[in-house]
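Asks: The following block contains a protein sequence and its predicted model.
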Amino acid sequence: MPPLSFAPRHFFGPIRHGRRGHLLAKAIQLKPEEHTARSYADRLILGKLIKLQSAIKLSELAELLQGTGIGLSALRSLLGTNPDKFAYHERRWVPAARLEGTGRPYAEAMRLIVDRFGGPMPVELLAEELALAQGKMEAESIESIRRMAESHDHFIYTASDEIALSRWVFVTSDEKLAITLERNQVTPEQVEALEAPLAGIDWRSPEALQLAVQKCAPVSVKALGAYIFSKVNSDDPRSTLMFDWKAVGGALLSQPKMVYSSDGMLHPEEDAKKWISAAVKLAEKIAPSVEIEDAAPIEVKSDDVDRMVAKWKTSPDSLTATQLLEEFYEITPSVKTFPDDMANLMAALKARPDAWWVGGDRFRVPGTAPDFINDVPEVFLFEKTSFTDEEGDPIDVEVNDDGLSSTLRKLLSHPLATDVLDEEELPAPKSMAEQLRLVLKPIHRELGTFPICQFPTGWITAEPKIQELTFIDPQGRELQVWANMEARLLFGLIDWWYEQPIESGAVFSLTRTHKQNVFEFAWLDQPDPVVYISNQRMEELRAIQERAAELSTHDVLKEVMAHWPKGADFLTILWEVNVVRRVPRRLIASLLSSYHCYYQRSGSPVWHFDNKKVEQGIDKTKKKFILK
């Protein structure tokens, strides 16, 4: 890198003065992670707003943002809650920096626009905005911008033809490292933390910066610049300065597949989707603080419904009534009449035979759900055996509640004991939890299903019988899930299930959102202690399965129990047996309660197996409780 002469520099802070135009809401106090997400979403909005010049109808701006994940409702909320970036002026939305920059020197107007943009700004986009703010021709602005960026210490011109602010990068001259670190507000600890991942890089190599970013992203641009400076420069005052801060900063900010965030970090571009999801969630949370003019509830006309139906007939996906209200009427949840508007539209859509209601406020073309969701897969049917003892009596017997151990009688209604085709629907709880802890069992992992019996009654509404759900994971990925409320099964989860290496007992949470049938999904760190089966144990159980045709369920149970010399929980036993053979919970509870070789110690929840008592067979006193 060529040496660089350097003069002292002063950095501007954000400049605020009287805003021209009416702002609908005050700025909202954000958490750091919310600020990062929101700033990125604001950057996307500003880019499209500048292209549009101004927005009178927000639906036009929302249309330009299609594909980003920012809908009309989120757009309205984000615009109305960030007066630093957006202004409502002369009945239209414009970038706030355009109004604040009017009448200022060219360099200051340019700095203000890039600062509010919040990241490296394409030269052509900046030229468009400066032309509007300063009254210059766009072509003239492009050349002026590039000259300004190359000559002015407040700016950096990147290899991607973008303009960035020098305060986003590590700025230095021929100073000692300790002094320049302090001036750039970088700690020695931040620099030292990069030593391990970046050791051995040849900083004179053309690929050095790209390799460094790939190795340590997400990474602070300033800290990485400081680390590079420490490696290529010496504190010896007689040494040649080998660090060009503009060149290094510009190269870091233009790295491929990386995104600069408002906290000064370079992130892999895949993180951006997570930010959008978080920003939309934030927009929904703060939407009530946006002032919207009152209006009378809409009257849904048949012509409007015709156009809505025509829209989803051309789409393979479903559409929500919320989306349709936004698109056709520019009505969002923050509008006072939204509940009445939603009720009117839902009634109109449900009355149409060509509109299939699939739960929540979601509609689609009739008959477009996958066929496999209509029935319970045959693999869930229970396998019945016909093994008999020496007296000709059945070995695998079920007893009624009176014949069960008192502890097992209670456990039969435990959500983790129940499964599809083996449940009794319970009354709805008095208070409904917003978040559920759910446990994945091996048979469901293999099929991409999940039993609704683990959900409290009413957590998913009973109607309609076929429903389309959306799960959203912490990375912002969405998964379409189908619920068959009659079959009591969720379908369509196999892609996410197979990302989980634990075959039995993986735990995840589902959390309600303000959107109907849209749930936040997250894997939890620890597996369920009683349903968890290690991969090694799964292989042992599959070995038993290979010869299960020759075994009664009582024989299978004995082999399973022999693995647990210190005893095992009923739920552990139940689901280990179910790896070998599909059996109902009452059968396992009945065998444990009826045969002499199985027992519990006083006060202990676990069950034990005594091989010496196998010959004693069934407890004769239990025979009167056997179900015919």
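Replies: Everything's here; your move.

Asks: Residue 127: neighbouring residues, count only.
Replies: 25 (other CB atoms under 10 Å). C-beta here means a position set from N, CA and C on the backbone, and glycine is covered the same way.

Asks: Give me the pLDDT for it.
Replies: Listed pLDDT for residue 127 reads 90.

Asks: That one belongs to a strand?
Replies: No. The assignment for residue 127, made by DSSP: H, G, I helix; E, B strand; the rest coil, is helix rather than a strand.

Asks: tell me the domain ranges of this structure?
Replies: The record's domain parsing of the chain by automatic domain parsing lists 1-156+268-291, 170-252, 292-355.

Asks: where does this protein dip in pLDDT?
Replies: Counting by pLDDT under 70, the chain has low-confidence residues at 1-28, 136-140, 235-241, 287-295.

Asks: From the centre of it, point out the most distant residue.
Replies: Relative to the centre of the chain, the most outlying C-alpha is that of residue 391, 59.5 Å out, by CA atoms, centre = their mean.

Asks: Please report the distance of that residue from residue 557.
Replies: Distance, residue 391 to residue 557, using CB to CB, to the nearest Å: 20 Å.

Asks: cool, and residue 365?
Replies: To residue 557, residue 365 is 49 Å away according to CB to CB.

Asks: Which one of the two is surrounded by more residues?
Replies: residue 557 (28 against 17).

Asks: For the closest residue to the more buried one other than its chain neighbours, give me phi and psi.
Replies: Computed as CB to CB, 6 or more residues apart in numbering, the closest residue to residue 557 that is not its neighbour in sequence is residue 591, at 5.5 Å. Per-residue torsions, residue 591: phi -60, psi -40 (degrees, to the nearest 10).

Asks: Test my guess that residue 591 contacts residue 598.
Replies: Yes. If you go by CB atoms under 8 Å, residue 591 and residue 598 touch, sitting 7.0 Å apart.

Asks: what residues are shared contacts of these two?
Replies: residue 557 (CB atoms under 8 Å, 6 or more residues apart in numbering).

Asks: Same drill for these two, tell me which one is more crowded.
Replies: Counted by other CB under 10 Å, residue 591 and residue 598 do not tie: residue 591 has more neighbours, with 26 against 22.

Asks: Flag every buried residue along the helix or strand containing residue 182.
Replies: Using DSSP states H and E, residue 182 sits in helix 177-183. Across helix 177-183, burial judged by 16 or more other CB atoms under 10 Å covers 177, 180, 181.

Asks: In this structure the last one contacts residue 188, no?
Replies: Yes. With contact defined as CB under 8 Å, residue 181 and residue 188 form a contacting pair (6.5 Å).

Asks: on that earlier part again, for the domains of the chain, give me CSV that also has distance to residue 535.
Replies: Formatted as CSV, these follow (distance: least, CB to CB, whole Å):
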stretch, distance to residue 535
domain 1-156+268-291, 29
domain 170-252, 32
domain 292-355, 37
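
Asks: These: which one's closest to residue 626?
Replies: domain 292-355 (49.8 Å; CB to CB).

Asks: that older thread, kindly point out which residues are neighbours of both of residue 181 and residue 188.
Replies: Joint contacts of residue 181 and residue 188 (CB under 8 Å, 6+ apart) do not exist.

Asks: just to revisit the earlier point, residue contacts, the residue nearest to residue 557?
Replies: If you count contacts by CB under 8 Å, 6+ apart, residue 591 has them with 396, 397, 553, 554, 557, 598.

Asks: Looking at those, spot the one nearest residue 312.
Replies: residue 553 (49.4 Å).

Asks: list the contacts for residue 361?
Replies: So residue 361 contacts 320, 321, 322, 342, 346, 516 (CB under 8 Å, 6+ apart).

Asks: name the element the fifth one belongs to?
Replies: This means residue 346. Assessed by DSSP H and E, residue 346 sits inside helix 338-350.

Asks: List of residues touching that helix?
Replies: 297-300, 302, 305, 308, 321-322, 324-325, 329, 331-332, 335, 355, 357, 361, 363.

Asks: ok, then the element right after the helix or strand where residue 197 lies?
Replies: Here residue 197, judged by DSSP H and E, is contained in helix 195-198. Once the chain leaves helix 195-198, the next helix or strand it forms, by DSSP H and E, is helix 208-216.

Asks: Tell me what residue 478 is bridged to.
Replies: Per DSSP bridges, the residues bridged to residue 478 are residue 472.

Asks: my read: it touches residue 471, true?
Replies: Yes. If you go by CB under 8 Å, residue 478 and residue 471 touch, sitting 7.0 Å apart.

Asks: Between the two, which has more neighbouring residues?
Replies: In this view residue 478 and residue 471 are compared by other CB under 10 Å, and residue 471 has more residues nearby, 20 against 14.

Asks: Go ahead and confirm the more buried one touches residue 481.
Replies: Yes. Judged on CB under 8 Å, residue 471 makes contact with residue 481 at a distance of 5.6 Å.

Asks: shared neighbours, those two?
Replies: residue 493.

Asks: got the phi/psi numbers for residue 607?
Replies: Torsion angles, degrees, to the nearest 10, at residue 607: phi -110, psi 140.

Asks: before we move on, back to that, state the helix or strand in which the residue farthest from the centre of the chain lies.
Replies: Using DSSP H and E, residue 391 falls within no helix or strand.

Asks: and the gap between residue 549 and residue 574?
Replies: With CB to CB as the criterion, residue 549 and residue 574 are 21 Å apart.

Asks: contacting residues around the helix holding residue 182?
Replies: Applying CB under 8 Å, 6+ apart, the external contacts of helix 177-183 come out as 170-173, 175, 187-188, 191, 226, 229-230, 233, 235.

Asks: what about it, distance to the chain center?
Replies: 39 Å (CA atoms, centre = their mean, to the nearest Å).

Asks: And the domains of the chain: which comes nearest residue 433?
Replies: Nearest of those (CB to CB): domain 1-156+268-291, 19.6 Å.
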